[in-house]
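Asker: Structure, please.
(one chain, ligands or ions: 1)
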Amino acid sequence: QPVTDPTRIGLTKEALKQAFVDNLFYIQGRFRDVATANDIYMAAAFTVRDRLLARWLKSAQHFKESGARTLCYLSAEYLLGPHLINNLINLGILETAREAGEELGLDLGEILATEEEPGLGNGGLGRLAACFMDSLATGQIPAIGYGIRYEFGIFDQAIENGWQVEKSDTWLKNGNPWEIPRPKITFPVRYFGHTEPYQDEQGRLRIRWIPGLVVEGVAHDTPILGYGVANANLLRLWKAQATESFDFQAFSTGDYYRAVQAKIEAETISKVLYPNDEPAVGKELRLKQQYFFVSCSIQDMVRLHLATVGPLDTFADKFVAQLNDTHPALAVAELMRILLDEHGLAWEPAWDITHRTFAFTNHTLLPEALETWPIELFERLLPRLLEIIYEINRRFLDEVRVRYLADEARIARLSLIAEGETRRVRMAHLAAVGSFAINGVAALHTDLLKTTVMRDFHELWPDRFHNVTNGVSPRRFIVVSNRRLARLLTSVCGNEDWMRDLTALRRLESLAEDQGFHEDWRRVKLAAKDQLARWLAAKTGVRIDPQTLFDVQAKRIHEYKRQHLNLLHIVGLYQRIKQDAQFRPPPRTFLFGGKAAPSYAMAKLIIKLINAVAEVVNGDPQVNGHIRVVFVPDFNVTTGQLLYPAADLSEQISLAGKEASGTGNMKFAMNGALTIGTLDGANIEIRDAVGPENFFLFGLTEAEVRQRQADGYRPSDIYHGDPELATIIDLIDSGLFAHGDKTLFRPLTENLLRHDPFMVLADFRAYVSCQTLIDEVFQDSARWTRMSILNVARIGHFSSDRAIREYGERIWKVEPVPIQV
Ligand SMILES: CCc1ccc([C@H](C)CC(=O)N[C@@H]2O[C@H](CO)[C@@H](O)[C@H](O)[C@H]2O)cc1
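Answerer: Below you'll find the model as predicted:
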């Protein structure tokens, strides 16, 4: 029985060493002396993977036999991060593996650095899905994550002459040891063509879809092991391929391109991740991608149900499916299509099953991010789905009409179809009508959801709305990222239970005044800052001093996140240090990280300005030693693991009402950084949890923002009323940061003075005074350390384990199913 053979599943040092040597030989086909770094990594990865498989197969078998209620997470993005270190931690064998490596003359750190992280996501939404998969397994909840196996993930970001340059992400070039292709688990996905009615053998009117194109989706399975448990869940990602990958007829006529045309067209569907997070892209390929993984996933769920449970009327008892934003919203219509067209159910029972299966999470209020698709495209690409959406809408509006006595305006607002010069399908409405639960991702966000974009739905169905504030995985963002802090926390707690119950860290409160512990605490932070400094010097040649205050803003570049507000403060500081010899605040290193969507010009200009300011400031001997500015390239999970532990100050400065939740705010606070932030998203709940006295608050509230905008916001008035601010904007306009080119940053300064849609100028003064307060507090290291300890002590609520527990109890009604080791 392989699952008992120690060389395949043993966790001892000897077993790991033997397995590694075997895998290097039998899988990589290499003798040690000629093995490449990738061979070594692959051999190590397969050694660890073997130890996952036993738990994974046992889990799958048990869930199947027990017919356990299963959560299916449908997400177009999963920002998983590197697997090897995470699985070593979850198996509890990191130190054993390190020793085994040493005895084989290998450096585990080097092996870990070899792994290309699977960047199958853009930012917050994608990483949340990964944290949730980790917490579902750790919480022993049977779950399947469904998504797309992009051949190319989020682009690698290079900085050339201060500008972002996108490099394609060849994460699969050396193969992926963590996935198992399932060529036998494939499903046809239809596009184009037309539908036609027919009578089935029972004389019932049925519809068949005659597609113009059929592609196949092939499952690629990755085990997701929980921490400290034997439970392992499934991440099933779909790859597109042609039903016929080679057209021999075309080939024999010498038309080589046509011979492979179908193959190329089909594979394009899962070729690349759309690198936009927020502005929706109305591209046909994007809709094709969304339908592709939704159709494969729903067909797979129906197959599993028929195989393990039986008749479909109990489908919604076996499965509950979470829609991660609107990207998988087509699942509502697709399940209806399968129940109606392939299983001959009548509309009502089919709708009852569908409506009891889906729940929907909204992650943004930004109008430009709410997906709508032109009817014309739907008609052409997904004719059968559109018919079903029309019928869903007809029945829905009938219900609304009865409820609101033909209130035409309300009906038009609620309709799944947006009328107008181009008629469009509102995907958020399809998701909302097809779901039994709708949730936001932080308290303020959920309230705004109820009073703005989903107001009519909330008035219609108030009980369907829930709030589940986001959380992050303490395994990835403390145990993996900050080993030193993890060791210190374990020594304080006396065990590692805090890794599965983060509220156990509350006992740190008792050490908040302990000067000895302060020393340990500061040592851990300094070591993390030192590690970042060494990595940065090796990667970019830029030197930073760990003794300075590390002020970090790391997240996607977006005007609502206001990286440019941070920059105005820096330019102000630079100008004052040069002009006023008395003004010598504690030395700071400003670190930025984040990718801009390639088509988002203003975001790319902000990256250029950050690098332009860095060049001038870092090159100016007058301010050297006082301030330094660095843009850390290619912010992703791997670089995040270096930045979160090293930050003293976490910048969470979005305009109130714009950041749905934020999750970086939680990761920084979990690693002892203090937050400067607005009352936006989860900042509000973090501040309430850690204590207002341990949080640096500034800026307009969401209500004040709405009021200022209602009163007519005139940014140029603020410019004229604040000489320091005017000087700063004029400096940026002067060409100082552009080798004299006065035009380069004009679009940015002009936007600020004319529109300033995210009220940067309105919050500038409050932000600067808050930063001045921070300078004072930072100089009182006992006070700063105390605040830092209390942030970690009180951050337990923001574990994704708590968020998943809330989803499980309030929405999914799923129970943990422990698997015995
Ligand atoms: C269609 C293009 C597109 C792609 C991604 C998205 C995501 C919803 C954007 C996103 O990542 N939103 C972030 O989700 C996080 C997890 O809930 C929140 O913490 C962030 O506040 C939110 O911006 C919108 C539109």
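
Asker: Spell out which residues sit in contact with residue 370, please.
Answerer: Going by C-beta atoms under 8 Å, 6 or more residues apart in numbering, residue 370 touches 280, 326, 364, 426, 427, 428, 453. C-beta: built from backbone N, CA, C; applies to glycine.

Asker: Could you tell me which of these are located in helices?
Answerer: For the contacts of residue 370, the ones inside helices are 427, 428, with DSSP state H as the criterion.

Asker: Which of the contacts of residue 370 sits closest to residue 661?
Answerer: Of all the contacts of residue 370, residue 661 sits closest to residue 364, with 9.8 Å by C-beta to C-beta.

Asker: pLDDT averaged over the helix or strand where residue 708 lies, what's the number?
Answerer: Using DSSP states H and E, residue 708 maps to helix 702-710. Over the span of helix 702-710, the pLDDT mean works out to 98.

Asker: same for the helix or strand just after it, what does it pack against?
Answerer: As assigned by DSSP H and E, the chain's next helix or strand after helix 702-710 is helix 715-721. Taking 3 or more C-beta pairs under 8 Å, 6 or more residues apart in numbering; DSSP states H and E as the contact definition, the neighbouring helices and strands of helix 715-721 are helix 723-733, helix 746-754, helix 760-779.

Asker: Spatially nearest residue to the residue in the stretch 701-821 of the chain positioned nearest to the ligand, not counting backbone neighbours?
Answerer: Among all residues of the stretch 701-821 of the chain, residue 803 sits closest to the ligand, at 10.0 Å; criterion: C-beta to the nearest ligand atom. With sequence-adjacent residues excluded and distances taken as C-beta to C-beta, 6 or more residues apart in numbering, residue 803 is closest to residue 471, at 3.7 Å.

Asker: just for the protein, where's the confidence low?
Answerer: Counting by pLDDT under 70, the chain has low-confidence residues at 1-4, 278-281.

Asker: In which helix or strand does the residue located most distally from the centre of it reside?
Answerer: If you look at how far each residue of the chain sits from its centre, by C-alpha atoms, centre = their mean, the farthest one is residue 203, at 48.7 Å. According to DSSP H and E, residue 203 maps onto no helix or strand at all.

Asker: Get me the contact residues on the protein for the ligand.
Answerer: Taking C-beta under 6 Å from any ligand atom as the criterion, the neighbours of the ligand within the chain are 122-125, 128, 276-278, 280, 325, 363-364, 369, 371, 441, 470, 659-663, 681.

Asker: Please spell out the PyMOL selection for the buried subset of those residues.
Answerer: Those of these that count as buried under 16 or more other C-beta atoms under 10 Å are selected in PyMOL with:
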select buried, resi 122+123+124+125+128+276+277+278+280+325+363+364+369+371+441+470+659+660+661+662+663+681
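
Asker: from the residues of the chain next to the ligand, which ones fall inside helices?
Answerer: The subset of those located in helices under the criterion DSSP H comprises 124, 125, 128.

Asker: Specify which member of these is nearest to residue 257.
Answerer: Using C-beta to C-beta, residue 125 is the member of these that sits closest to residue 257, with 37.4 Å.

Asker: Next, the contact list for that closest one, please.
Answerer: Applying C-beta under 8 Å, 6+ apart as the definition, the contact partners of residue 125 turn out to be 75, 77, 277, 324, 325, 363.

Asker: ok, 10 Å please
Answerer: Residue 125 makes contacts with 75-79, 277-278, 324-325, 327, 361, 363-364, 441, 660, 663, as judged by C-beta atoms under 10 Å, 6 or more residues apart in numbering.

Asker: By residue count, tell me the biggest helix in this protein.
Answerer: Ranked by residue count and defined by DSSP H, the top helix of the chain is helix 37-66.

Asker: mind listing what's buried in it?
Answerer: Buried positions in helix 37-66, judged by neighbour count with 16+ other C-beta under 10 Å: 38-56, 58-60, 62-63.

Asker: returning to that earlier point: what's the helix holding residue 708 packed up against?
Answerer: helix 443-451, helix 760-779 (3 or more C-beta pairs under 10 Å, 6 or more residues apart in numbering; DSSP states H and E).

Asker: which residues touch the residue in the chain positioned nearest to the ligand?
Answerer: Nearest residue of the chain to the ligand (C-beta to the nearest ligand atom) works out as residue 124 at 2.8 Å. Contacts for residue 124 (C-beta under 10 Å, 6+ apart) come out as 77, 79, 277, 363-364, 441, 470, 555-556, 659-664, 681.

Asker: and this protein, what are its domains?
Answerer: Domain segmentation of the chain under automatic domain parsing yields 67-81+117-469+806-812, 526-798.

Asker: all strands for the stretch 1-150 of the chain, in order.
Answerer: 70-74, 78-79, 119-120, 143-148 (DSSP state E, counting those that start in this stretch).

Asker: nearest spatial neighbour of residue 764, skipping sequence neighbours?
Answerer: In space, residue 764 comes closest to residue 725 once its chain neighbours are excluded; the distance is 5.5 Å by C-beta to C-beta, 6+ apart.

Asker: Quick check: the one you found touching residue 763?
Answerer: No - applying C-beta atoms under 10 Å, one finds residue 725 not in contact with residue 763, separated by 11.1 Å.

Asker: Show me the common contact partners of those two, please.
Answerer: Between them, residue 725 and residue 763 share these contacting residues under C-beta under 10 Å, 6+ apart: residue 718.

Asker: wait, is residue 270 part of a strand?
Answerer: No - the assignment for residue 270 is coil, going by DSSP: H, G, I helix; E, B strand; the rest coil, so no strand is present there.

Asker: Tell me how far the closest residue to it other than its chain neighbours lies from residue 217.
Answerer: The spatially closest residue to residue 270, leaving aside those adjacent along the chain, is residue 240, at 4.2 Å (C-beta to C-beta, 6+ apart). Look at residue 240 and residue 217: by C-beta to C-beta, to the nearest Å, they are 6 Å apart.

Asker: Have a look at the two and say which one is more surrounded.
Answerer: Legend: neighbour count by other C-beta atoms under 10 Å for residue 240 and residue 217, higher for residue 217 (27 against 24).

Asker: Let me see the backbone angles for residue 28.
Answerer: Per-residue torsions, residue 28: phi -80, psi -20 (degrees, to the nearest 10).

Asker: Now do the same contact list for the closest residue to it other than its chain neighbours.
Answerer: By the measure of C-beta to C-beta, 6+ apart, the closest residue to residue 28 outside its immediate chain neighbours is residue 39, 4.3 Å from it. Listed by C-beta under 10 Å, 6+ apart, the contact partners of residue 39 are 23, 24, 27, 28, 29, 30, 31, 32, 114, 174.

Asker: Which of these are buried? Put it as a ChimeraX command.
Answerer: A single ChimeraX command suffices to select whichever of the contacts of residue 39 are buried according to 16+ other C-beta under 10 Å:
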select :23,24,28,30,114,174
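
Asker: just the strands in the stretch 201-350 of the chain please.
Answerer: For the stretch 201-350 of the chain, strands defined by DSSP E, counting those that start in this stretch occupy the ranges 205-210, 213-225, 232-242, 319-324.

Asker: hey, which of the ones you listed is tucked in deepest?
Answerer: Of all these, strand 319-324 carries the top mean neighbour count, a mean of 25, counting by mean count of other C-beta atoms under 10 Å.

Asker: and the angle for that one with strand 70-74?
Answerer: Note on geometry: by axes from the mean of the first three to the mean of the last three C-alpha atoms, to 10 degrees, strand 319-324 and strand 70-74 are set 30 degrees apart in direction.

Asker: Distance from strand 319-324 to the middle of the chain?
Answerer: Averaged C-alpha coordinates place strand 319-324 at 17 Å from its chain's average position (C-alpha atoms, centre = their mean, to the nearest Å).
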